[in-house]
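Peer 1: here is the input, now give the coordinates:
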Amino acid sequence: MTVSTEKATAPAQARSLILPALWLLFGVFACSTAVIMIKASETHPVLLAAYRLLIASAVLTPVFFYHLRRERTTYRFEHLKRSFVPALLLALHFISWALGARLTFAANASLIVNMVPLVMPFILLAMLRERIHGREIAGTVFALAGVVLIGLSDYTLDPALLFGDFVCFGSMLLFAFYLALGRRNRDFHNIWLYLIPLYWMAGIICLAVAIAMGLPLVGHPLKEYGLLLALALVPTIMGHSILNHSLKHFRGQVVSVVNLCQFIFAGAMAYFIFTEIPAPAFYAAAVLVGAGAWIVLRRE
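Peer 2: Presented below is the predicted three-dimensional model:
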């Protein structure tokens, strides 16, 4: 009887993860829209980061107080402290990614910033004692092979670009630590009690940098404000929030590998919106990354 019960439990557990897996893929798609909106916008990327986070925070603040009452719990300074370091990492990631991408070629920046699955196992092991498993290794190899394929097809090794490459590498590490902390903080009563203060603090940090750079805070065309609102609603509220929520259900390496599918969605949208025809390497890379995502999700 025990054996039959265990055999029946495995398919039930697998079915219970189908919806979270679909949500994770939707979150990755939502995050991929950010590059399309940033490309269509003329606002400085640092100011874009500030406003997308602050607008998202303002929209979500009623949700914070709703869940605070619903959970019948108290929100202490200790909870705020746990959101501060991830907020700082997210703000620095947004800023460094925007600056690094302007200091090097797009192919260099894209290749380096998508190397998160390469460093994530070491970060998870050091912070959470979470070891990578066999299928996760296989999925990571497939996915990174796709990233390297598309990156090296256009990558340029130029000493004049090394500083920009270094900034992008730092931005990648910041994002990896941000995801790892989201995995560690999965014990929050509700994901919104963790994320909304995080978004507020990250937005304020980006806004402070924008002010220090002397960027104009107002007076932008109406189209720009529409893009700012879309950035807040889709890649921030939907995308980043779903990524953090997925860390409650999936291991950190799984989320980092599936997140590489962003370039597939972005490439497809760029084709239809900007008529950008992908390079031949894009299709082979998409197959490899898609296979890597499928392997790690099949393990779950």
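
Peer 1: give the closest residue to P278 in space, chain neighbours not counted.
Peer 2: Nearest residue to P278 in three dimensions, chain neighbours excluded: G267, at 5.0 Å (C-beta to C-beta, 6 or more residues apart in numbering). For the C-beta atoms, the positions are set from N, CA and C on the backbone; glycine is no exception.

Peer 1: which helix or strand contains the one you found?
Peer 2: helix 262-274 (DSSP states H and E).

Peer 1: list the buried residues in that helix.
Peer 2: By 16 or more other C-beta atoms under 10 Å, the buried positions in helix 262-274 come out as 262-267, 269-270.

Peer 1: hang on, the earlier thing: now the residue nearest to P278: how far from L231?
Peer 2: According to C-beta to C-beta, to the nearest Å, G267 and L231 sit 19 Å apart.

Peer 1: one step back: check which helices and strands the helix or strand following the helix holding G267 sits against.
Peer 2: Sequence-wise, the next helix or strand downstream of helix 262-274 (DSSP H and E) is helix 280-299. Other elements packing on helix 280-299 under the criterion 3 or more C-beta pairs under 8 Å, 6 or more residues apart in numbering; DSSP states H and E are helix 134-152, helix 252-258, helix 262-274.

Peer 1: tell me the gap between the longest one and the middle of its chain.
Peer 2: If I follow you right, that is helix 134-152. 18 Å (C-alpha atoms, centre = their mean, to the nearest Å).

Peer 1: may I see the buried residues of that helix?
Peer 2: 136, 139-140, 142-144, 146-151.

Peer 1: and stretch 119-127, by the same measure?
Peer 2: For stretch 119-127, burial by neighbour count (16+ other C-beta under 10 Å) applies to 119-121, 123-124.

Peer 1: how about low-confidence regions in the stretch 201-300 of the chain?
Peer 2: 299-300 (pLDDT under 70).

Peer 1: thinking again about what came up before, and the contacts of the helix holding G267?
Peer 2: The contact list for helix 262-274 (C-beta atoms under 8 Å, 6 or more residues apart in numbering) reads 28-29, 31-33, 35-36, 39-40, 110, 114, 147, 150, 276-278, 282, 285-286, 289-290.

Peer 1: PyMOL command to pick out the buried ones of these?
Peer 2: The buried residues among the contacts of helix 262-274 can be selected in PyMOL (16+ other C-beta under 10 Å) with this line:
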select buried, resi 28+29+31+32+33+35+36+110+114+147+150+278+282+285+286+289+290
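
Peer 1: so what's the residue nearest in space to the middle of the chain closest to, chain neighbours aside?
Peer 2: Compute the mean C-alpha point of the chain, and by C-alpha atoms, centre = their mean the closest residue is H240, 5.7 Å away. Once flanking residues are discounted, H240 sits nearest to C31: 6.6 Å by C-beta to C-beta, 6+ apart.

Peer 1: in three-state terms, label that neighbour for me.
Peer 2: Assigned with DSSP: H, G, I helix; E, B strand; the rest coil, C31 falls in the helix class.

Peer 1: look up how far P216 lies from it.
Peer 2: 27 Å.

Peer 1: now M238
Peer 2: Per C-beta to C-beta, M238 is found 28 Å from P216.

Peer 1: so between the two, which is more surrounded?
Peer 2: M238 (19 against 10; other C-beta atoms under 10 Å).

Peer 1: neighbours of the closest residue in space to the more buried one that isn't next to it in sequence, how many?
Peer 2: Leaving aside its chain neighbours, M238 sits nearest to A30 (4.0 Å; criterion: C-beta to C-beta, 6+ apart). Applying other C-beta under 10 Å, we find 22 residues neighbouring A30.

Peer 1: ok so, going back, okay if I get the helices and strands packed on helix 280-299 as a markdown table plus distance to F94?
Peer 2: Shown next, in a markdown table, are the helices and strands packed on helix 280-299 (distance: least, C-beta to C-beta, whole Å):
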| stretch | distance to F94 |
| --- | --- |
| helix 134-152 | 21 |
| helix 252-258 | 18 |
| helix 262-274 | 15 |
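
Peer 1: all strands of the stretch 101-250 of the chain, in order?
Peer 2: For the stretch 101-250 of the chain, strands defined by DSSP state E, counting those that start in this stretch do not occur.

Peer 1: T236 touches L53, doesn't it?
Peer 2: Yes: the criterion here is C-beta atoms under 8 Å, and T236 meets it with L53 at 6.5 Å.

Peer 1: what's the overlap in contacts for the two?
Peer 2: Each of Y199 lies in contact with both T236 and L53 under the rule C-beta under 8 Å, 6+ apart.

Peer 1: follow-up on the earlier one: which members of the buried residues of helix 262-274 are the farthest-apart pair?
Peer 2: Within the buried residues of helix 262-274, Q262 and A270 form the most distant pair, 11.9 Å apart (C-beta to C-beta).
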